[in-house]
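*Asks:* Whatever this is, show me its structure:
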Amino acid sequence: MRTRPLALLSLAAAAALVLAGCTSSGPDASPSPTSTGDAAGDLCAAAAPSGEAVESVDVTGDVGSAATVEFSAPLTVDAAERTLLVEGDGDALADGDLVNYALTIFDATTGEESASEGYDEDLLPVQVSVGTGPDQFFGCAPIGSRIVMAVPGSESSPAAVWVLDVLGTTEAVASGEEQDAPEGFPTVVLDETGKPTVTLPEGDIPTEFEKATLKKGDGAVVEAGDSVLVQYHGVSWNSGEVFDESWGKQAFSFSTSGGVVQGFADAVVGETVGSQVIAILPPSAAYGEGEINEEDLTGQTLVFVVDILAAATPPAA
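*Replies:* All right, here's what the predicted structure looks like:
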């Protein structure tokens, strides 16, 4: 199924700041070290507490359909508040889950609806891990739950009331059918979690961009301009060392129209969601030609193994 970008990142600036830690830095035009973050902890305890503001909101509507609310506007929201309005009967969310959800957002100042997304079509999943931001919203809510949030405002966005429905989870690894890699490609071995290890073949370093499908997913085709959620593992062919990866951190989301080196975008465009691909990026498709530099990856040929977890079609202008 095609999905749209994570709507909440553009609908409420205050909430965007809370959710800004959802991804690792990724293979951008100017690579920088990434942090593993704190993967330990309790999602239940990480959820924002309830409070007077959120408890004053009256919500109607069924889980999985757009909500309506009533509250006395303007609603004063001094800090993030949360209540579990409906407790679902599905599995509780666990650290690292990629959550499928729908939401309705209301302006706390006026009481008017700001947005309603995810009920008729999917949104890009958001990863819930302790200490990353979304944990305050979702906590360890079971699938099928409805959550009400009161979100404080900022200079660029008013306070808001969110109604979040927890619809399910997305697999955190590529789930497609295994394929044979072409002769001469690096060998990829996966551990029990799906994390890859790459073994480079002997011989000359390739000089052209190449890619191959290692697992063929049955999801939608990633198109140019889409937003994509992936796990990735990057190895320098020059040094044989791993220079970056999302494994052990957060799944990485990016737009294929910019924000990453061209070869990384080319690796996923034309592939299907659920696939795993391996791509060989010469310097011209990576961080540029020139004398080899270990710090900024200039002049290096890179190998990426990428699990395509979800794709998002931008809304029409």
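
*Asks:* can you give me the strands in the stretch 1-150 of the chain?
*Replies:* 3-4, 58-60, 68-70, 81-86, 97-107, 113-117, 122-123, 126-128, 146-151 (DSSP state E, counting those that start in this stretch).

*Asks:* Among these, which comes closest to Gly219?
*Replies:* With Cβ to Cβ, the closest approach to Gly219 among the strands of the stretch 1-150 of the chain belongs to strand 3-4: 9.6 Å. No exception for glycine: its C-beta is placed from N, CA and C like everyone else's.

*Asks:* Least confident of the strands of the stretch 1-150 of the chain, on average?
*Replies:* Lowest mean pLDDT within the strands of the stretch 1-150 of the chain: strand 3-4, at a mean of 36.

*Asks:* which of the strands of the stretch 1-150 of the chain sits most buried?
*Replies:* strand 126-128 (a mean of 27; mean count of other Cβ atoms under 10 Å).

*Asks:* so who does the residue nearest to Asp91 when sequence neighbours are not counted touch?
*Replies:* Of all residues not flanking Asp91 in the chain, Ile143 sits nearest, at 5.7 Å (Cβ to Cβ, 6 or more residues apart in numbering). When contacts are counted by Cβ atoms under 8 Å, 6 or more residues apart in numbering, Ile143 touches Gly88, Gly90, Asp91, Leu93, Val166, Leu167, Gly168, Thr169.

*Asks:* Using JSON lines, please lay out these together with pLDDT.
*Replies:* As requested, these are exported to JSON lines (pLDDT from 0 to 100):
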{"residue": "Gly88", "pLDDT": "97"}
{"residue": "Gly90", "pLDDT": "97"}
{"residue": "Asp91", "pLDDT": "96"}
{"residue": "Leu93", "pLDDT": "96"}
{"residue": "Val166", "pLDDT": "97"}
{"residue": "Leu167", "pLDDT": "96"}
{"residue": "Gly168", "pLDDT": "95"}
{"residue": "Thr169", "pLDDT": "96"}
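
*Asks:* got a winner among those for most neighbours?
*Replies:* Greatest neighbour count in those, by other Cβ atoms under 10 Å, goes to Val166: 28 neighbours.

*Asks:* Now that one. Nearest residue, chain neighbours left out?
*Replies:* Ser145 (4.6 Å).

*Asks:* mind checking pLDDT for the one you found?
*Replies:* We have a pLDDT of 98 for Ser145.

*Asks:* related to what we said a few turns ago, between the strands of the stretch 1-150 of the chain, which one is closest to Asp180.
*Replies:* Each of the strands of the stretch 1-150 of the chain has some distance to Asp180 by Cβ to Cβ; the shortest is strand 97-107, at 28.2 Å.

*Asks:* How far off centre is that closest one?
*Replies:* 13 Å (Cα atoms, centre = their mean, to the nearest Å).

*Asks:* Repeat that for stretch 91-103.
*Replies:* The answer for stretch 91-103 is 12 Å, by Cα atoms, centre = their mean.

*Asks:* Helices along this protein, start to end?
*Replies:* 8-11, 13-19, 43-46, 52-55, 134-138, 262-268 (DSSP state H).

*Asks:* Roughly how far does the residue nearest to Val166 sit from Gly203?
*Replies:* Applying Cβ to Cβ, to the nearest Å, the value for Ser145 to Gly203 is 54 Å.

*Asks:* With Pro134 instead?
*Replies:* The separation that Pro134 has from Gly203, given Cβ to Cβ, amounts to 45 Å.

*Asks:* in the stretch 201-317 of the chain, which segments are predicted with low confidence?
*Replies:* Scanning the stretch 201-317 of the chain for pLDDT under 70 picks out the ranges 315-317.

*Asks:* now do 80
*Replies:* 290-295, 312, 314-317 (pLDDT under 80).

*Asks:* all strands for it, in order.
*Replies:* 210-216, 227-236, 242-245, 252-255, 276-281, 302-312.

*Asks:* Between those strands, which one is closest to Thr193.
*Replies:* Closest approach to Thr193 among the strands of the stretch 201-317 of the chain is made by strand 227-236 (10.1 Å; Cβ to Cβ).

*Asks:* how near is Ala251 to Asp58?
*Replies:* Taken as Cβ to Cβ, the span from Ala251 to Asp58 is 36 Å.

*Asks:* now do Asp307
*Replies:* 42 Å.

*Asks:* Skipping its backbone neighbours, what lies nearest the residue lying farthest from the centre of the chain in space?
*Replies:* The outermost residue of the chain, judged against the average C-alpha position, is Gly203 (36.4 Å), by Cα atoms, centre = their mean. The spatially closest residue to Gly203, leaving aside those adjacent along the chain, is Gly184, at 7.6 Å (Cβ to Cβ, 6+ apart).
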